[in-house]
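# Provided below are the primary sequence and the corresponding predicted coordinates.
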Amino acid sequence: MKLLITRPMTAAVTARARDEFDVEIRDSNAPLSINEMARALRDYDVVVPTLGDVFSADVFEMVTVPRCKLLANFGVGFNHIDVAAAQAAGVRVTNTPGAVTDATADIAMTLLLATARRAGEGERLVRSGNWQGWHPTQMLGQHVTGKRVGIIGMGRIGQAIARRCHFGFGMQVSYQSRTPKDLDFPAEFVPDLATLAAVVDFLVVAVPGGVDTFHLIDASVLSAMRPSAILVNIARGEVVDEAALIHALKTGQIAGAGLDVYEFEPAVPQALREMENVTLLPHLGTATEEVRTDMGHMALDNVAAFVAGRPLPNLV
Ligand SMILES: NC(=O)c1ccc[n+]([C@@H]2O[C@H](COP(=O)([O-])OP(=O)(O)OC[C@H]3O[C@@H](n4cnc5c(N)ncnc54)[C@H](O)[C@@H]3O)[C@@H](O)[C@H]2O)c1
Ligand SMILES: O=C(O)[C@H](O)CO
């Protein structure tokens, strides 16, 4: 069984992979090219791909009968893989749900707090050497405790964000999801997105990427938001119409945004980079040693199950 891991991993994951499998670990952090993806499907039994490795229908068309029978994705989001095309080619797909949940919820709170409290702007001021000292009206931001948050996509991460907002910050939680959830804390289900957008102080996006959610947050949702409201996106960049977001920020339709993901990642529009009321992180949601190691182990658990002929624990 030949395994390809498409990026360098943490030391613990690398050691386990080398110990348990005949593995090649690609020595580059760049996404696979289309030809590398075709070669991966042709030459390996299992591939551990990740974000940026765009296994589209075109790639599966390039390889008539893939040797590869499993794409054990490193990451919960799998919108870079055309799952239907993979299945049609006899390739199963797994992901790493759960391992990413708390860290990503923590980054959502980091973005919410940093944007509301102007932390990035304040940090830049101190670093510039131009800070003139404290005064009663210096750099006033928005209070967070007790405010109303709207969460779009009440899955694992959405619920972890909601718990932090409710238990940690005494916030009122409203949400939109495909179905109402049975939750152990108070949260109001608002089925209509524009209605939800209109009543919250913070709107947090936590849905999966892909065709169903492409530009879910468009000009109409942004224009429904209050001028004092802040948008946070930890989901996938293309869930938010970035051009419409820039327009909403420039025209004061909304007060700010906290972003971990971008429509044309890693390209971040200059317009966003120039705005003080926007907090920009480089897709840090799961970026801790422990979480990346847990994700790697979860991907390798799926590989191990495949090799042993057992049911795949995280089949998509
Ligand atoms: N920024 C990061 O580093 C980072 C890290 C982890 C995950 N993510 C993203 O977060 C996503 C969510 O992860 P999760 O583990 O919570 O997934 P999940 O499947 O548990 O939750 C997604 C929720 O969104 C809901 N949903 C789907 N389509 C919807 C729609 N059109 N409108 C409203 N709700 C909809 C689903 O019903 C589900 O409740 C991932 O798919 C990934 O793209 C980002
Ligand atoms: O989907 C995920 O798990 C993240 O975006 C990658 O860490």
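Structure received. In this text, all values refer to a predicted model and were calculated from it rather than measured experimentally. Ligands and ions are numbered 1, 2, ... in the order given.
# of all of the chain, which residue lies closest to ligand 1?
The minimum distance from the chain to ligand 1, using C-beta to the nearest ligand atom, falls at Gly155 (1.7 Å). (Each C-beta comes from the backbone N, C-alpha and C, glycine too.)
# Tell me the spacing between that residue and Thr6.
Using C-beta to C-beta, to the nearest Å, one gets 26 Å for the distance from Gly155 to Thr6.
# Looking at the two, which is more packed in?
Taking Gly155 and Thr6 together and counting by other C-beta atoms under 10 Å, Thr6 has the greater number of neighbours (24 against 17).
# contacting residues for the one residue sitting closest to the centre of the chain?
The geometric centre of the chain, computed from its C-alpha atoms, lies nearest to Ala235 (C-alpha atoms, centre = their mean), at 3.7 Å. Taking C-beta atoms under 8 Å, 6 or more residues apart in numbering as the criterion, Ala235 is in contact with Gly77, Gly153, Val205, Ala206, Val207, Pro208, Gly209, Thr213, Val261.
# Apart from its chain neighbours, what residue comes closest to it?
In space, not counting the residues next to it along the chain, Ala235 is nearest to Val205; the distance is 4.7 Å by C-beta to C-beta, 6 or more residues apart in numbering.
# The one you found reaches Val240, doesn't it?
Yes. Because the distance of 6.6 Å satisfies C-beta atoms under 8 Å, Val205 is recorded as touching Val240.
# Find residues that contact each of these two.
Residues touching both Val205 and Val240 by C-beta under 8 Å, 6+ apart: Leu216, Ile217, Leu231, Asn233.
# Pull the most distant pair out of the residues you listed.
Greatest spatial distance in the shared contacts of Val205 and Val240: Leu216 and Leu231, 11.9 Å, computed using C-beta to C-beta.
# mind checking the SS state of Gly168?
For Gly168, the secondary-structure state derived from DSSP: H, G, I helix; E, B strand; the rest coil is helix.
# Any figure for the gap between it and Leu111?
With distances taken as C-beta to C-beta, Gly168 is found 15 Å from Leu111.
# ok, residues contacting the helix or strand containing Val23?
Under the assignment given by DSSP states H and E, the secondary-structure element containing Val23 is strand 22-25. Outside of strand 22-25, the residues within contact range by C-beta under 8 Å, 6+ apart are Met1, Lys2, Leu3, Leu4, Ile5, Arg7, Pro8, Met9, Thr14, Ala17, Arg18, Tyr44.
# Need the max-distance pair from these.
Between any two of the contacts of strand 22-25, the greatest separation by C-beta to C-beta is 20.9 Å, found for Met1 and Pro8.
# What parts of the stretch 51-200 of the chain come near ligand 2?
Where proximity means C-beta under 6 Å from any ligand atom, the interface of the stretch 51-200 of the chain facing ligand 2 comprises Leu51, Gly75, Val76, Gly77, Val100.
# what's the burial count for the fourth one?
Around Gly77 there are 21 other residues, counting by other C-beta under 10 Å.
# got a pLDDT number for it?
If you check Gly77, the pLDDT there is 98.
# How much space separates it from Asp260?
Look at Gly77 and Asp260: by C-beta to C-beta, they are 12 Å apart.
# where exactly do the helices run in this structure?
For the chain, the helices defined by DSSP state H cover 11-20, 34-43, 57-62, 83-88, 101-116, 119-128, 156-163, 169, 193-199, 219-224, 242-250, 270-274, 289-308.
# a markdown table for the ones you listed, including distance to Leu70, mean pLDDT and mean neighbour count?
Below are the helices of the chain laid out as a markdown table (distance: least, C-beta to C-beta, whole Å; pLDDT from 0 to 100; neighbours: other C-beta atoms under 10 Å):
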| stretch | distance to Leu70 | mean pLDDT | mean neighbour count |
| --- | --- | --- | --- |
| helix 11-20 | 14 | 98 | 15 |
| helix 34-43 | 11 | 98 | 18 |
| helix 57-62 | 14 | 97 | 16 |
| helix 83-88 | 9 | 98 | 15 |
| helix 101-116 | 23 | 98 | 22 |
| helix 119-128 | 41 | 98 | 13 |
| helix 156-163 | 23 | 98 | 23 |
| helix 169 | 41 | 98 | 15 |
| helix 193-199 | 36 | 98 | 18 |
| helix 219-224 | 37 | 98 | 18 |
| helix 242-250 | 34 | 98 | 18 |
| helix 270-274 | 38 | 98 | 11 |
| helix 289-308 | 5 | 98 | 19 |
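# can I get the ones you listed in CSV with distance to Val144?
Listed next are the helices of the chain as CSV, based on distance: least, C-beta to C-beta, whole Å:
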stretch, distance to Val144
helix 11-20, 36
helix 34-43, 43
helix 57-62, 44
helix 83-88, 38
helix 101-116, 5
helix 119-128, 11
helix 156-163, 13
helix 169, 6
helix 193-199, 17
helix 219-224, 21
helix 242-250, 19
helix 270-274, 22
helix 289-308, 24
